[in-house]
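Novice: need the 3D shape of this:
(chains A and B)
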Protein chains: 2
Amino acid sequence: MNPLSMPPRLLMGPGPITVDPRVLQAMSTQLVGQYDPTMTAAMNEVMELYRGVFRTANEQTFLVDGTSRAGIEAALVSLLEPGDRVLVPVFGRFGHLLVEIAQRCGAEVHTLHRSWGEVFDPAEIETALQQVQPKVLAIVQGDTSTTMCQPLAEIGALCRAHGVISYVDATASLGGNHFVTDDWGIDVVTAGLQKCLGGPSGSAPITLSPVAVAMINARKHIEAGIATDSDTPSGSRIASNYFDLAQIMDYWGPRRLNHHTEATSMLYAARECARLLLDEGLDAAVARHGLHGTAMLEGLRGLGLTPFGDPTHKMTNVAAVHIPDGVDGEKVRTALLDDFGIEIGMSFGPLAGKVWRVGTMAYNARKDAVLTTLAALEQVLRSEGATVTAGGGVGAAREVYA
Amino acid sequence: MNPLSMPPRLLMGPGPITVDPRVLQAMSTQLVGQYDPTMTAAMNEVMELYRGVFRTANEQTFLVDGTSRAGIEAALVSLLEPGDRVLVPVFGRFGHLLVEIAQRCGAEVHTLHRSWGEVFDPAEIETALQQVQPKVLAIVQGDTSTTMCQPLAEIGALCRAHGVISYVDATASLGGNHFVTDDWGIDVVTAGLQKCLGGPSGSAPITLSPVAVAMINARKHIEAGIATDSDTPSGSRIASNYFDLAQIMDYWGPRRLNHHTEATSMLYAARECARLLLDEGLDAAVARHGLHGTAMLEGLRGLGLTPFGDPTHKMTNVAAVHIPDGVDGEKVRTALLDDFGIEIGMSFGPLAGKVWRVGTMAYNARKDAVLTTLAALEQVLRSEGATVTAGGGVGAAREVYA
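Specialist: As a prediction, this is how the structure comes out:
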């Protein structure tokens, strides 16, 4: 079989996106051993860097080895015991995913629902917290399936007032949308690298508040083969070994208890993603995503396309637009890829076949990426018989930049 | 924080080992989109390559996104329903891990035990199969904690004769020790990249027989948000979403149902690992591990060290030797790392502090790596007050090569 040879692509979909070249360079670094002092130092650096990314002082801030949903499942299976009540406000596909995972944990799952394209009012969530009295509230910040960004500024405080642990899936939003773990009082947050962090999928940063850590450590059962006589198991055993955050914290902590073999290349990637973001500055990165996201949205409008969803709660880093009547959405997507090497996305569930999703994230939240995408899309739309104003997309985007 | 800068290391422990430079090059390849035709083609190539590596015709041969224990947990949680009986013959730490994971799946776990340093006789396993009548037999091939390699040639057939599904964790052995999935009649096998496959930890190849696939698909529950009306759930829902092989098979299969976002860089790595192995030839790779493993073992003997465990069932790719009386094992390990940049390993549980483990795997199953390690170890042992014959290690290894 031939050596790997992939075509050049400009990934302007909802993620994964083109990886920042600095991250690819970091991943090409040779390995050191699992307990090499330089490796444990790198692990500690990663913890410190992600405290910066999550804007938290949480000691327990590290990586789960797997894709972003590995982080979600680790959080939920470690927090939830069978029969625990959990409240999930669902406003898109990834809310359904939280429901799904919590159900598989054996939790009693209560849901709130919003039409795709809308977000929740905090008052609505507070009422549900009072009624359901859950152990955990689990909610997505940015749901790429709808491109909506749920306001969270009041949610952590509401949860703390009601004695509820708050969990946020910030996979698609972190780094490109404002997020402050400690100021908002969020207990547990997970993410991935493949959206606004500019890396490949395969590592899931997580942060846990001291209260969440205590709850999880009350269920610690160290595995046979490495447990010592003083390791007395307590509480109900977490249903997964791989996602057992109590053990994973001992692996990342001073005890360095052997759990998995760290996915070192992915840790190198995660480290560089965080460095890129913190070097730029979190506020600057959010502003950059805002600028290029707005330019893309205005450009899409300038091509005669209609944005989907509540415009006041749109994520900065991805825009959804209705596929015009009479245009084959998949054909446009394929022509963009085949003729221009540019990828945009479709969507799921109630939006399947109805919208395109165009991302401007991390390395690709750039003027040239935005203008090139709009120029190419204009050509493809015209070929597919849509009515487009010549130069309308690029022109509108340029006005945003000017 | 500074750019990543790791020191050069020769990783001669039980794994992870120095990654083959071709794998690092593959990992530095830029991403394409998740459903790009070139990505799905690469996924299909990976399936075909790993059929070669596992020596199987199993259609369902793919990657689980995570470290090697992600593959183990995916296999067990997808096969085992709460209350199912599973038989685990334990001859080292990783047998305990299978017990641990199966227990967390809610299975009724029966065990057989061998002292560390020994393996099981197939007759012993057959007797237990008859007594326990398990749904699944789960066993490790090579347990690096003891360096023993369990003979498996008869195990698959015994399981099939008793209507038992066989699962083998071949993480530490695959590629360096003979393994033939179909000829031995093994139903499910998982592995990792960081041992004889020459890659980093973070991707877990798996293969499943049609019988195992049917058993798992009988429990398929497609997640809300992407399920269609014709997706009727059946059987008891698999307790993990992330490790739900029924859904993961639909992601790798023609339906391309969205599950996770594939860890593309790790897939690139896994692809190159398999190419390296198949280019060399499986038999040649096993022979190479045998040669360099023997040279290392004889070299260690030549230094006056005593091998641990049953010599007739030693893995090719890792040797354990007793730490001589009066020598501080950890001090030797640290001096080798600090003064020579060479890593060797200690062990766990009953062998903690008692043996060193020295690996010769994948890229590091090379003459220069073996001789350099022995030359350095001689110097360090002498410094630490052990009695060593000058040139005894390198000389004994050279005799094996001659």
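
Novice: from here on, just use CA atoms for contacts and neighbour counts.
Specialist: Noted.

Novice: how near is residue A:188 to residue A:60?
Specialist: Residue A:188 sits 10 Å away from residue A:60 when distances are taken as C-alpha to C-alpha, to the nearest Å.

Novice: who's more crowded, those two?
Specialist: A direct count of neighbours by other C-alpha atoms under 10 Å in any protein chain shown for residue A:188 and residue A:60 places residue A:188 higher, at 27 against 22.

Novice: now do the helices in the stretch 1-150 of chain A.
Specialist: A:21-27, A:37-54, A:68-79, A:93-104, A:122-132 (DSSP state H, counting those that start in this stretch).

Novice: right, and those helices - which one's nearest residue B:169?
Specialist: Checking those against residue B:169 by C-alpha to C-alpha gives helix A:68-79 as the closest, at 21.2 Å.

Novice: contacting residues around residue A:92?
Specialist: Residue A:92 is in contact with A:115, A:116, A:117, A:143, A:144, A:145, A:146, B:225, counting by C-alpha atoms under 8 Å, 6 or more residues apart in numbering or on different chains.

Novice: ok but residue A:171 is inside a helix, no?
Specialist: No - the assignment for residue A:171, made by DSSP: H, G, I helix; E, B strand; the rest coil, is coil rather than a helix.

Novice: OK, contacts around it?
Specialist: Applying C-alpha under 8 Å, 6+ apart to residue A:171 gives the contacts A:68, A:142, A:190, A:191, A:192, A:193, A:195.

Novice: do the same with residue A:393
Specialist: A:298, A:299, A:300, A:301, A:302, A:303, A:374, A:375, A:378.

Novice: which one of those sits closest to residue A:21?
Specialist: Nearest to residue A:21 among the contacts of residue A:393, with distances taken as C-alpha to C-alpha, is residue A:374, at 23.4 Å.

Novice: backbone phi and psi for that closest one, please?
Specialist: When read as degrees, to the nearest 10, the backbone of residue A:374 gives phi -70, psi -40.

Novice: tell me the confidence at it?
Specialist: The score at residue A:374 is 98. That number is its pLDDT.

Novice: so it touches residue A:299, yeah?
Specialist: Yes - shown here, residue A:374 and residue A:299 form a contact pair, counting by C-alpha atoms under 8 Å, at 6.6 Å.

Novice: please look at residue A:54 and residue A:184 and confirm they touch.
Specialist: No - shown here, residue A:54 and residue A:184 do not form a contact pair, counting by C-alpha under 8 Å, at 11.1 Å.

Novice: who has more neighbours out of those two?
Specialist: Higher neighbour count among residue A:54 and residue A:184: residue A:54, with 25 against 15, using other C-alpha under 10 Å.

Novice: quick one: that one and residue B:121, what's the gap?
Specialist: Residue A:54 sits at a distance of 53 Å from residue B:121 (criterion: C-alpha to C-alpha).

Novice: likewise for residue A:41?
Specialist: Going from residue A:41 to residue B:121 by C-alpha to C-alpha gives 44 Å.

Novice: quick one: the helices in the stretch 201-350 of chain A?
Specialist: Using DSSP H, counting those that start in this stretch, helices in the stretch 201-350 of chain A cover A:210-217, A:245-252, A:264-280, A:282-302, A:329-340.

Novice: out of these, which gets nearest to chain B?
Specialist: For chain B, the closest of those is helix A:264-280, at 6.5 Å, according to C-alpha to the nearest C-alpha.

Novice: coming back round to it: would you turn the helices of the stretch 201-350 of chain A into TSV with mean pLDDT?
Specialist: Compiled in TSV, these are given as follows (pLDDT from 0 to 100):
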stretch	mean pLDDT
helix A:210-217	98
helix A:245-252	97
helix A:264-280	98
helix A:282-302	98
helix A:329-340	97
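
Novice: save those helices as TSV, and put in mean neighbour count too.
Specialist: Output for the helices of the stretch 201-350 of chain A, formatted as TSV (neighbours: other C-alpha atoms under 10 Å in any protein chain shown):
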stretch	mean neighbour count
helix A:210-217	18
helix A:245-252	21
helix A:264-280	24
helix A:282-302	23
helix A:329-340	17
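
Novice: mind putting those in a markdown table, distance to chain B included?
Specialist: Output for the helices of the stretch 201-350 of chain A, formatted as a markdown table (distance: least, C-alpha to the nearest C-alpha, whole Å):
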| stretch | distance to chain B |
| --- | --- |
| helix A:210-217 | 16 |
| helix A:245-252 | 13 |
| helix A:264-280 | 6 |
| helix A:282-302 | 15 |
| helix A:329-340 | 8 |
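
Novice: let me know which of those helices is the nearest to residue B:359.
Specialist: With C-alpha to C-alpha, the closest approach to residue B:359 among the helices of the stretch 201-350 of chain A belongs to helix A:264-280: 18.7 Å.
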